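Engineer: Next input, structure requested:
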Amino acid sequence: MAGNNMVWQPQVVEEMLRYYKEKIQAEGRQFIFKEVHYEECAKKINEKSHTKFTSRQVYHKFHKLKAQWKVIMEAKNLNGANFDDVEKRFLYDETEVVQMNNVSINIYLLLLYCSLCM
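Structural biologist: Modelled structure (predicted):
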């Protein structure tokens, strides 16, 4: 452990996700997580894995994983996206790559323009 950063081992992340999955299955998809749930999750993780995660660390890890999952699902839903199970990466057809590059260039030009206006 370096400073306040704790290393999230894969089995600990799996335990955290299992907790949230069971909670959602029991309460329904519209269930809203509150501080008490992050505390309960941290307590379960710490008891099982002999760690010292706080509810705040659990909260941030959960939301980081949620944001990463959103990006993955957006990439998966693009036209022409195929997932290569062997290489564990997305493959896109040429048209989609050109469209993604055009969007990236437009965002870059917009940011450049905004920085020049300041």
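Engineer: Checking residue 83 next. Helix, strand or coil?
Structural biologist: Here residue 83 is recorded as strand under DSSP: H, G, I helix; E, B strand; the rest coil.
Engineer: what sits opposite it in the beta ladder?
Structural biologist: residue 90 (DSSP bridges).
Engineer: how about the helices of this structure, start to end?
Structural biologist: Here the chain has its helices, by DSSP state H, at 10-27, 35-49, 55-76, 94-117.
Engineer: Rounded mean pLDDT for the third one, please.
Structural biologist: When you say that, I think you mean helix 55-76. Helix 55-76 comes out with an average pLDDT of 87.
Engineer: So which bits of that helix are buried?
Structural biologist: Under the neighbour-count criterion of 16 or more other Cβ atoms under 10 Å, helix 55-76 has 55, 57-59, 61-62 buried. Every residue, glycine included, has its C-beta placed from N, CA and C.
Engineer: For that helix, give me every contacting residue.
Structural biologist: 6, 8, 13, 16-17, 20, 33, 35, 38-39, 41-42, 45, 81, 83, 90 (Cβ atoms under 8 Å, 6 or more residues apart in numbering).
Engineer: repeat that for 7 Å
Structural biologist: 6, 8, 16, 20, 35, 38-39, 41-42, 81, 83, 90 (Cβ atoms under 7 Å, 6 or more residues apart in numbering).
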